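1. pasted the sequence and its predicted model underneath.
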Amino acid sequence: MKHASPQEFICDMIDNEGDVFRDGYGRCWMYLNYRFMFKDIGECEWNEGLSCLHLFGSEIRKRD
């Protein structure tokens, strides 16, 4: 799924609370308990925030 804008991506995360979204490179994002979380390539721990939001670099999907 490609998101047309950051707003669309953020709304999709909020609508799917607790689901992990990832891009083709391994970056992950999640919205849980009123917090946005982010995990960069190769990291094991989640960080709070919306860092590295590359919407147009690769397709972002919910992790199955």
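-> Thanks, I have the structure now.

2. how near is Ser51 to Ile60?
-> Ser51 sits 14 Å away from Ile60, going by C-beta to C-beta, to the nearest Å. Backbone N, C-alpha and C define where each C-beta goes, glycine included.

3. just list whatever residues bridge to the residue sitting nearest the centre point of the chain.
-> The centroid of the chain falls nearest to Trp29 when counting by C-alpha atoms, centre = their mean (2.6 Å). Assessed by DSSP bridges, Trp29 has beta-bridge partners Phe21, Phe38.

4. thinking Gly18 is in contact with Tyr34, fair?
-> No: here Gly18 lies out of contact with Tyr34, judged by C-beta atoms under 8 Å, at a distance of 11.9 Å.

5. just the strands in this structure please.
-> Listed in chain order, the strands of the chain (DSSP state E) span 21-22, 28-32, 35-39, 47-48, 61-62.

6. save these as a markdown table, and put in distance to Ile10 and mean pLDDT too.
-> Below are the strands of the chain laid out as a markdown table (distance: least, C-beta to C-beta, whole Å; pLDDT from 0 to 100):
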| stretch | distance to Ile10 | mean pLDDT |
| --- | --- | --- |
| strand 21-22 | 10 | 89 |
| strand 28-32 | 8 | 94 |
| strand 35-39 | 8 | 94 |
| strand 47-48 | 15 | 94 |
| strand 61-62 | 14 | 64 |
